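> got a predicted model here, sequence first, then my questions.
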Amino acid sequence: MKTNLKLITALTGLSVVLSFTGKAQFSAVPTSTTNIYNTNTGFVGIGTGSVTAATEKLQVKGGNILLDPWASSPGANGTGNLFFGGVTSAGPAMRLSFAASSNGYIDARTSTATTGLSFRVDNSSGGTERLRINANGNVGIGNSNPLFKLEVAGTGKFSSNLTIGAYILPAVDGTANQFLSTNGAGVVTWKSSTALAWGITGNSGTTASTAAIGSTVNNNFIGTTDAKNLIVATNNLERMRITSAGNMGINYATPTEKFQIDNGVLKLSSPNAYGGPMMLFAASPTAGYVGDWGIEYVPTGTRGLNFWKPFGSPNGGNNYLFLADDGHVGVNTNNPTGQLTVNGKTLIGDPGLAGFMGLPGTYLLYVQQGILTEKVKVAVCTSVDWADYVFDSNYKLKSLNEVETFVAANKHLPNIPSAEEMVKEGNDLGKMDAKLLEKIEELTLYLIQQNKKMEEIQKEITILKSK
């Protein structure tokens with residue numbers, strides 16, 4: 001291979017062709033001229049001024065070297081080359097090439113993939129490597145063994161946008177509390193932390209999404225933007241999942257309800273603004289009160305579980321049902337003294353049954369179809385409620401003639417309810433026992449009266465028999 005280097009001197013315009021075929025040789029060059037110094041010992045000096053000696057194979061002073069593309073025939077395109085270390089393809093070599101109608105290039109050939117072209121520069125002898133291009137295509141800046149296509153040991157700055165794959169990164173630096181965000185089409189820009197999603201290390205000055213539940217979020221949020229589940233894990237194990245349908249599972253990957261816990265315990269503790277630890281149930285989240293029903297643990301006084309209706313809700317009040325810590329159950333009371341204490345009327349049976357509708361009267365227990373019991377004890381509140389008054393000396397006992405007249409007219413005994421009254425008012429065992437006792441005591445008085453009359457008659461019969 002033969003390559004020509006055309007040198008044009010600055011003063012005489014003398015053209016000199018250097019033919020590189022592995023060694024340098026000159027044709028028609030004198031030993032020395034005004035601008036060329038040749039010792040014919042392998043050292044050549046070119047330049048203006050006083051080039052009187054050359055210490056390198058080729059030494060140029062005060063001028064340029066022009067590699068002019070050379071054409072093998074008139075009109076043809078040629079290439080000017082400068083070779084280092086040989087011109088053949090075998091073995092390490094380097095070539096600086098310039099072409100008339102195509103791109104010039106630097107061609108460095110190495111014996112291994114991890115060696116290549118090194119650029120060295122510093123202000124001391126020997127030079128420090130600053131840039132390396134290895135034969136495998138990896139480029140290192142400040143790194144002599146780059147493992148990637150570009151590896152920089154240090155910082156870098158771009159004055160215009162940087163394109164990496166499908167992404168275009170901005171050249172300008174962001175301000176405090178900004179982050180990089182993509183528009184989904186490859187364009188990456190700086191965004192304020194108050195404009196888009198929250199970070200995971202804490203946020204300030206952020207405005208949460210104000211979109212209605214079930215609507216597309218319009219500001220900061222944590223979650224997904226497609227129909228994918230959101231998973232929270234610790235120790236590389238899933239702990240919580242929110243499905244794309246909005247169901248939440250704790251320790252459960254396929255929740256079918258809004259909140260579902262598997263193989264775990266839900267624990268509520270410590271008082272709050274409304275009382276002890278509690279759960280609230282509401283027919284509507286926008287009601288003007290905290291809820292329609294609540295379950296609260298009362299930690300002070302008579303401790304227990306209180307089923308209540310929050311004040312402000314329809315029929316609001318406490319202790320609709322109270323389960324005390326000692327196992328007693330209270331209805332409308334938080335002080336159950338028995339296993340079941342009911343403060344109010346109680347119905348056992350059909351509320352639509354005639355006689356039970358509206359729970360008439362002042363009774364506290366209404367029972368349909370009877371009570372089976374081994375013992376019934378009716379309390380008597382005062383002695384006035386019992387019939388001992390019959391034996392009082394001031395008691396006015398009706399004569400049997402008066403009783404006969406009353407029965408003939410009313411078809412029941414005096415001071416005893418009629419059948420119609422019994423159907424209407426029911427049978428008050430305590431009062432009825434007292435009334436029945438009243439009649440027994442009246443019968444006793446009638447017998448005493450009859451006995452006295454019988455004794456008088458017997459005396460008269462005895463006198464008559466003695467005459």
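Yes, it's here. Numbers count the residues shown, from 1 in each chain.
> can you list the weak-confidence ranges in the stretch 201-350 of the chain?
Within the stretch 201-350 of the chain, the segments meeting pLDDT under 70 span 203, 205-206, 218-219.
> and the strands in it?
230-234, 237-242, 248-250, 259-261, 278-281, 293-298, 304-309, 317-324, 329-331, 340-342, 346-348 (DSSP state E, counting those that start in this stretch).
> what residues are up against N183?
T189 (Cβ atoms under 8 Å, 6 or more residues apart in numbering). In this view, the C-beta of every residue, glycine as well, is placed from N, C-alpha and C.
> can you check the pLDDT for it?
For N183, the pLDDT comes out at 73.
> swap in S72?
Reading off the model, S72 has pLDDT 50.
> give me the neighbour count for V187.
Residues near V187, counting by other Cβ atoms under 10 Å, number 14.
> now do V60
15.
> in this protein, which helix has the most residues?
helix 429-466 (DSSP state H).
> G275 is in contact with T300, isn't it?
No: between G275 and T300 there is no contact under Cβ atoms under 8 Å: 9.7 Å.
> of the two, which one has the most company?
G275 (17 against 8).
> OK, contacts around the more buried one?
G275 touches E296, V298, N306, counting by Cβ under 8 Å, 6+ apart.
> ok, what's across the strand from it?
N272 (DSSP bridges).
> separation between it and H328?
Distance, G275 to H328, by Cβ to Cβ, to the nearest Å: 20 Å.
> next: V390.
V390 is 43 Å from H328, by Cβ to Cβ.
> which residues sit in contact with the closest residue to L169 other than its chain neighbours?
Leaving out its chain neighbours, the residue that sits closest to L169 by Cβ to Cβ, 6 or more residues apart in numbering is L162, at 4.4 Å. Taking Cβ under 8 Å, 6+ apart, we find L162 in contact with I168, L169, A171.
> count of neighbours near the second one?
Translated: L169. Count around L169 with other Cβ under 10 Å applied: 14.
> and what of T333?
Residues near T333, counting by other Cβ under 10 Å: 19.
> report the contact partners of L400.
Y446.
> what pLDDT does the model give it?
L400 is given a pLDDT of 92.
> same check, this time on the one 4 residues further on
Model confidence at E404, expressed as pLDDT, equals 93.
> same thing with the one 4 residues further on?
Looking at A408, its pLDDT stands at 95.
> any chance of the backbone angles for it?
phi -60, psi -30 (degrees, to the nearest 10).
> E421 versus that one, what's the distance?
19 Å.
> please apply the same query to V290.
Taken as Cβ to Cβ, the span from V290 to E421 is 50 Å.
> just how off-centre is stretch 283-299 within its chain?
Computed by Cα atoms, centre = their mean, to the nearest Å, the separation of stretch 283-299 from the middle of its chain amounts to 23 Å.
> list the buried residues in that stretch.
Within stretch 283-299, the residues that count as buried by 16 or more other Cβ atoms under 10 Å are G291, D292, G294, I295, E296, Y297, V298.
> ok, now which ones touch G223?
V217, L230, I242.
> that one and K191, how far apart?
G223 is 17 Å from K191, by Cβ to Cβ.
> would you map the strands across the stretch 51-200 of the chain?
Under DSSP E, counting those that start in this stretch, the stretch 51-200 of the chain gives strands at 58-61, 79-84, 93-99, 105-109, 116-120, 129-134, 139-141, 150-152, 162-164, 167-169, 178-182, 188-192.
> for the first one, packing partners?
Going back to what we said before, that points to strand 58-61. Packing partners of strand 58-61 (3 or more Cβ pairs under 8 Å, 6 or more residues apart in numbering; DSSP states H and E): strand 44-47.
> what packs against the strand it packs on?
Against strand 44-47 (3+ Cβ pairs under 8 Å, 6+ apart) you get strand 36-38, strand 58-61.
> of all those, which lies closest to L397?
Between L397 and the helices and strands packed on strand 44-47, the tightest spacing by Cβ to Cβ is seen for strand 58-61, at 160.2 Å.
> how is the chain partitioned into domains?
3-116, 384-467 (automatic domain parsing).
> those domains: lowest mean pLDDT?
Mean pLDDT is lowest for domain 3-116 among the domains of the chain, at a mean of 60.
> so for stretch 217-236, what gets flagged as buried?
N220, N229.
> hang on, I meant stretch 337-347
Neighbour count says stretch 337-347 has T341 buried, by 16+ other Cβ under 10 Å.
> other residues contacting it?
So stretch 337-347 is contacted by 327-333, 335, 356, 359, 363-367 (Cβ under 8 Å, 6+ apart).
> tabulate the CA atom coordinates of it in CSV.
Extracted in CSV, the C-alpha atoms of stretch 337-347 (Å, rounded to 0.1, in the frame of the first residue of the first chain):
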residue,chain,number,x,y,z
THR,A,337,-77.5,-6.6,88.5
GLY,A,338,-78.6,-10.0,87.1
GLN,A,339,-77.6,-12.1,84.2
LEU,A,340,-80.3,-10.1,82.3
THR,A,341,-81.6,-6.8,83.5
VAL,A,342,-84.2,-5.0,81.4
ASN,A,343,-85.1,-1.4,82.1
GLY,A,344,-88.4,-1.2,80.2
LYS,A,345,-91.2,-3.3,78.6
THR,A,346,-90.3,-6.8,77.3
LEU,A,347,-92.4,-8.8,74.8
